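[1] Below is the structure, and that's it, no one-letter string:
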């Protein structure tokens with residue numbers, strides 16, 4: 001009886017995790033759209049879209065803005081790194097990750 005209950009609880013937890021990971025991103029359809037916006041999206045447009053970044057890292061020619069958002073009650077953390085050139089503040093590269101239980 002305990003074994004059966006343990007299996008049911010484990011399956012319920014797996015189903016909840018799958019539902020949490022499969023939900024919509026807090027950043028919107030990032031991975032689908034950002035590759036089209038390299039060389040086009042400005043830093044100001046990114047701030048308008050996702051709010052002020054969590055942090056900024058400045059280099060000689062480029063800077064990276066970093067956003068972190070939580071979804072599914074904090075189970076999933078999403079990270080968005082956008083790298084812009086210092087001169088025109090145009091998107092040059094991006095990285096997006098979404099991981100549960102971090």
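    Arrived safely. Here the structure is a predicted model, which is why all the values come from computation and not from measurement.
[2] Once you drop chain neighbours, what's closest to residue 58?
    Among residues not flanking residue 58 along the chain, residue 86 sits closest, at 7.7 Å (C-beta to C-beta, 6 or more residues apart in numbering). The C-beta positions use only the backbone N, C-alpha and C, and glycine is treated the same way.
[3] for residue 91, same thing?
    residue 41 (4.1 Å).
[4] what's the answer for residue 47, then?
    residue 53 (7.3 Å).
[5] How many residues are close by the one you found?
    18 (other C-beta atoms under 10 Å).
[6] roughly how far apart are it and residue 64?
    Distance, residue 53 to residue 64, using C-beta to C-beta, to the nearest Å: 9 Å.
[7] Could you do residue 91 as well?
    For residue 91, the distance to residue 64 equals 11 Å [C-beta to C-beta].
[8] same question, residue 90
    Counting by C-beta to C-beta, the gap from residue 90 to residue 64 is 13 Å.
[9] residues bridging contact with these two, i.e. touching both?
    Listed as contacting both residue 90 and residue 64 by C-beta atoms under 8 Å, 6 or more residues apart in numbering are residue 84.
[10] Could you list the buried residues of the helix or strand that contains residue 48?
    Element membership of residue 48, judged by DSSP states H and E, is helix 43-50. Residues 43, 46, 50 are the ones in helix 43-50 that count as buried (16 or more other C-beta atoms under 10 Å).
[11] Can you show me the helices along the protein?
    2-21, 30-37, 43-50 (DSSP state H).
[12] and the longest one, average pLDDT?
    Yep, that's helix 2-21 we're talking about. Throughout helix 2-21, pLDDT has a mean value of 50.
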